[in-house]
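K.L.:
fold the following and give me the result.
(chains A and B)
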2 protein chains.
Amino acid sequence: MMCRHARRNGPGCWSRRNAVAVIHAQLQADCLVIGRFPLCHLLLLKDANYPWCILVPDREGISEIHQLTDAEQQQLIRESSQLARVLEKAFSADKLNIAALGNIVPQLHLHHIVRYRTDPAWPAPVWGRVAPRPYGEGQLAVLLEKLGVVLHGLTGYTPA
Amino acid sequence: MMCRHARRNGPGCWSRRNAVAVIHAQLQADCLVIGRFPLCHLLLLKDANYPWCILVPDREGISEIHQLTDAEQQQLIRESSQLARVLEKAFSADKLNIAALGNIVPQLHLHHIVRYRTDPAWPAPVWGRVAPRPYGEGQLAVLLEKLGVVLHGLTGYTPA
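P.N.:
Residues are numbered from 1 along each chain as shown, chains lettered A, B, ... in the order given. Okay, here's the model as predicted:
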């Protein structure tokens, strides 16, 4: 049983024992689950137009960031910024776009999109601009290998 | 002179003495500055299609959340969630959209947009969907009065 009090006690308490949420079917269809941080699942969106990762806090019934506890919110921004730094560096991003929208998929999920001045939607936000482009098999393998390398060693991260 | 070390020491150190950044001209043109939290300026975007607030951390040369110090990041999410709760309740939001994009305005700014299932862009993200609609003078006065009331008393908030 999950102890909400225990979850407020600090990073040491973050563990898979707190895993309570099922990833929404739409996210499962659109993404690959590539790993997890203490709070969040890490997903890769299957759209070759942009390196696009999504953090999904493993908490049930949460659709807004502010519905997380204060400690969970702080953990979320720690995981988000760790991920953002890695994506920015590994993919030589011109900009990162970070967003919690959730108008269609209500489960809280935080987009982390690597943007380039040369990408097909720039400078607009990506949503609704260009149809998703599937990854080629080899291309996806190379990307996953690269992500595996750059994510390795991040605090609390474990690959799926 | 700003002491970066002092800024890491906790909420007690957050004060206007750390105000160092000028709000980007585009944000100044598109928004009204309505107040500030210890870290961020609070802006209202002049688009009557949606209640739309923006937090702008008062830090110079920052374009990504992860470029803030850890303490600043935690303060940002505290201010964001305080604001989000107030907006959700005061405007009976169906959903909040929270995003740091910055593809055009490089100064870090965090959108907080109240969404309704009946709004003109729903369920798409708002950007690029519907031309901004100016507030009528009376409508804006009513909105500012309402925001003033609901923001009053938030931790560290002061109206402009």
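
K.L.:
just confirm A:E72 contacts A:C40, I think it does.
P.N.:
No - if you go by C-beta atoms under 8 Å, A:E72 and A:C40 don't touch, sitting 9.7 Å apart. C-beta here means a position set from N, CA and C on the backbone, and glycine is covered the same way.

K.L.:
where does chain A come near chain B, residue by residue?
P.N.:
Within reach of chain B by C-beta under 8 Å from any C-beta of the partner chain, chain A has these residues: A:63-66, A:70, A:73-74, A:76-78, A:80-82, A:84-85, A:88, A:95-104, A:115, A:122-125, A:127-129.

K.L.:
mind checking which of the residues you listed are in helices?
P.N.:
Applying DSSP state H to the residues of chain A next to chain B, the entries found in helices are A:D70, A:Q73, A:Q74, A:L76, A:I77, A:R78, A:S80, A:S81, A:Q82, A:A84, A:R85, A:E88.

K.L.:
got CSV for these, with distance to B:W52, pLDDT and neighbour count too?
P.N.:
As requested, those are arranged in CSV below (distance: C-beta to C-beta, whole Å; pLDDT from 0 to 100; neighbours: other C-beta atoms under 10 Å in any protein chain shown):
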residue, distance to B:W52, pLDDT, neighbour count
A:D70, 25, 98, 13
A:Q73, 22, 98, 20
A:Q74, 26, 98, 19
A:L76, 23, 98, 22
A:I77, 22, 98, 23
A:R78, 27, 98, 21
A:S80, 22, 98, 25
A:S81, 25, 98, 19
A:Q82, 29, 98, 17
A:A84, 24, 98, 22
A:R85, 28, 98, 16
A:E88, 27, 98, 18
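
K.L.:
which of those lies closest to A:E137?
P.N.:
Within those, the smallest distance to A:E137 is 26.7 Å, found for A:E88 (C-beta to C-beta).

K.L.:
what's the helix or strand where A:V56 lies packed up against?
P.N.:
Using DSSP states H and E, A:V56 sits in strand A:52-57. Packing partners of strand A:52-57 (3 or more C-beta pairs under 8 Å, 6 or more residues apart in numbering or on different chains; DSSP states H and E): strand A:40-45, helix A:70-90, strand A:110-115.

K.L.:
these two touch, right, A:A93 and A:Y116?
P.N.:
Yes - A:A93 is within contact range of A:Y116, at 7.0 Å (criterion: C-beta under 8 Å).

K.L.:
who has more neighbours, those two?
P.N.:
A:A93 (20 against 15; other C-beta atoms under 10 Å in any protein chain shown).

K.L.:
distance of that one relative to A:I77?
P.N.:
From A:A93 over to A:I77 the distance is 19 Å, taken as C-beta to C-beta, to the nearest Å.

K.L.:
A:V86: what's it in contact with?
P.N.:
Residues near A:V86 by C-beta atoms under 8 Å, 6 or more residues apart in numbering or on different chains: A:V150, A:L151, A:L154.

K.L.:
again, 10 Å this time
P.N.:
A:C53, A:H112, A:L147, A:V149, A:V150, A:L151, A:H152, A:G153, A:L154, A:Y157, B:H66 (C-beta atoms under 10 Å, 6 or more residues apart in numbering or on different chains).

K.L.:
report all helices and strands that the helix or strand where A:G138 lies contacts.
P.N.:
Taking DSSP H and E as the criterion, A:G138 maps to helix A:137-151. The contact analysis (3 or more C-beta pairs under 10 Å, 6 or more residues apart in numbering or on different chains; DSSP states H and E) places helix A:137-151 against strand A:31-36, strand A:40-45, helix A:70-90, strand A:158-159.
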